[in-house]
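# Here's my sequence, what's the structure:
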Amino acid sequence: MLGQALLTAIPAAWIGIGVIENIRFPPVNGDLVSMVMRMDRVREERPEIYEKVKGNRIDHPRVHSLAYAAIVAFELLATALLGLGALLLVLAALGAAGPVFARGVAAAGALAFSLVWGGFLVGGQWFHYWAGWKDSQFTHFFLVLWGAVLFQILT
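Predicted coordinates for the structure are as follows:
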């Protein structure tokens, strides 16, 4: 139970730091969201692809802001569930909380964690970010798997 708590606390801390930084410095990742939605790097790095799929581009700053706010909100939800799940797992190890409930909350956090990154993969596919943001796509695949493995450990 303590091992599961630690395995849950690590992604909670990782994504939690990301949420804090996204709230403190919104332009850092907010600008990246806008760049992906505008397909800037696809246009620059793969113009032959861009010409074919540029109709997928969204160039509305308000839509970019709403997308970024939704991302941060969902990251915050994942952070809260993972953090609460880790705490409940510690309490369950000490006999102060039910282990089934603790694992359930932590598993919901792991699922939310994977859904954040899975959402990036699905949304990124629409904007063909594989053509301009290859490293990001690989990172998002890894993060989906991190959450999925944690989910499996907890269920």
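# quick one: the helices in the chain?
Listed in chain order, the helices of the chain (DSSP state H) span 2-24, 26-38, 40-45, 47-53, 61-93, 99-126, 134-154.
# In a markdown table: the ones you listed, plus mean neighbour count and mean pLDDT.
For every residue, glycine as well, the C-beta is placed using N, CA and C. Listed next are the helices of the chain as a markdown table, based on neighbours: other Cβ atoms under 10 Å; pLDDT from 0 to 100:
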| stretch | mean neighbour count | mean pLDDT |
| --- | --- | --- |
| helix 2-24 | 17 | 97 |
| helix 26-38 | 17 | 95 |
| helix 40-45 | 17 | 95 |
| helix 47-53 | 13 | 96 |
| helix 61-93 | 18 | 98 |
| helix 99-126 | 19 | 97 |
| helix 134-154 | 16 | 94 |
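# Distance check, M35 against D59.
With the distance defined as Cβ to Cβ, to the nearest Å, M35 ends up 11 Å from D59.
# List the contacts of the residue nearest the centre of the chain.
Taking Cα atoms, centre = their mean, the centroid of the chain lies closest to V116, which sits 3.1 Å from it. Contacts of V116 were listed using Cβ atoms under 8 Å, 6 or more residues apart in numbering, and they are 15, 71, 74-75, 78, 143.
# Mind doing that once more with 7 Å?
Residues near V116 by Cβ atoms under 7 Å, 6 or more residues apart in numbering: 74-75, 78.
# Now do it against K52, distance only.
Taking Cβ to Cβ as the measure, V116 falls 29 Å from K52.
# got the phi/psi numbers for R57?
phi -60, psi 140 (degrees, to the nearest 10).
# again with the one 3 residues further on
Torsion angles at H60 (phi, psi; degrees, to the nearest 10) stand at phi -110, psi 110.
# cool, and H128?
Backbone torsions of H128, given as degrees, to the nearest 10, read phi 50, psi 40.
# was I right about it contacting K52?
No. Shown here, H128 and K52 do not form a contact pair, counting by Cβ atoms under 7 Å, at 9.2 Å.
# what's the overlap in contacts for those two?
Common neighbours of H128 and K52 (Cβ under 7 Å, 6+ apart) do not exist.
# quick one: furthest residue from the center of this structure?
What lies farthest from the middle of the chain is G95; by Cα atoms, centre = their mean that is 31.9 Å.
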